[in-house]
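Chemist: please find the sequence and the predicted model below.
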Amino acid sequence: MGLRVPKDKDQQSVSVDYRGRQYTVVHCDGALDTFREALKHVKVGKAKSLTRQMIVQIKRLADGEAMSRDNFPLEGMLPALSGQRRGRRFRALKKIPIRGYCWKSDRVPDTWFISHYIYKNKNDLDDRDTEKVSHNWRRIEEDGDER
């Protein structure tokens, strides 16, 4: 299952990589730090629950299970690969008020990458989040740096 984020006394551990029945889900460098940062904005009891719920969502994604549009919505646009007219959209693993932005890799077979997490109390996608996902996407999909 990969490396683990050290447990705080009130949090479960979230794995850097999770290999499921159909996909591997990989957290980009710093993604788990952004998860911990997002959790700081919610009450301790809620943080434990959100962590468990996000782990379940990651496992469902890795196992190739159906994901609802509410919990796994399409978000912003990814850059286009060379030869493409336009890029695909990335998604969000969504457990209000936390979202984890992710995309299915074109370069690494059967792999989803989670760019980062945010605490979000509104529905609008912030341009800074699109930029951060795009940066991680370019680093992985174009440059081959898989973290």
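Modeler: Cool, the structure landed.
Chemist: mean confidence score for the longest strand seen in the chain?
Modeler: For the chain, the longest strand by residue count, based on DSSP state E, is strand 111-119. In this model, strand 111-119 carries a mean pLDDT of 97.
Chemist: what helices and strands are in contact with it?
Modeler: strand 24-27, helix 31-39, helix 44-62, strand 98-104, helix 127-137 (3 or more Cβ pairs under 8 Å, 6 or more residues apart in numbering; DSSP states H and E). To be clear about C-beta, it is placed using only N, CA and C from the backbone, and glycine gets the same treatment.
Chemist: what sits up against that strand?
Modeler: Residues from elsewhere that reach strand 111-119 (Cβ atoms under 8 Å, 6 or more residues apart in numbering): 23-28, 30-31, 34-35, 37-42, 58, 61-62, 90, 93, 97-105, 126, 129, 132-133, 136-137, 140.
Chemist: ramachandran angles for E141?
Modeler: Taking degrees, to the nearest 10, you get phi -80, psi -40 for the backbone angles of E141.
Chemist: begin at 4 from here
Modeler: Done: numbering now begins at 4, and the last item shifts to E144.
Chemist: measure it to S118 for me?
Modeler: 12 Å (Cβ to Cβ, to the nearest Å).
Chemist: more neighbours, these two?
Modeler: S118 (26 against 20; other Cβ atoms under 10 Å).
Chemist: with adjacent residues omitted, what lies nearest to the most centrally placed residue in the chain?
Modeler: The chain has I117 as the residue nearest its centroid, 3.0 Å off, counting by Cα atoms, centre = their mean. Leaving aside its sequence neighbours, I117 sits nearest to C105 (Cβ to Cβ, 6 or more residues apart in numbering; 4.5 Å).
Chemist: so that neighbour sits right up against K97, yeah?
Modeler: No. With contact defined as Cβ atoms under 8 Å, C105 does not reach K97; the gap is 10.7 Å.
Chemist: look at the two and report which has more neighbours.
Modeler: Taking neighbours as other Cβ under 10 Å, C105 and K97 compare with C105 leading, 27 against 21.
Chemist: bridge partners for that one, pull those for me.
Modeler: The partner list for C105 in beta bridges (DSSP bridges) reads R94, I117.
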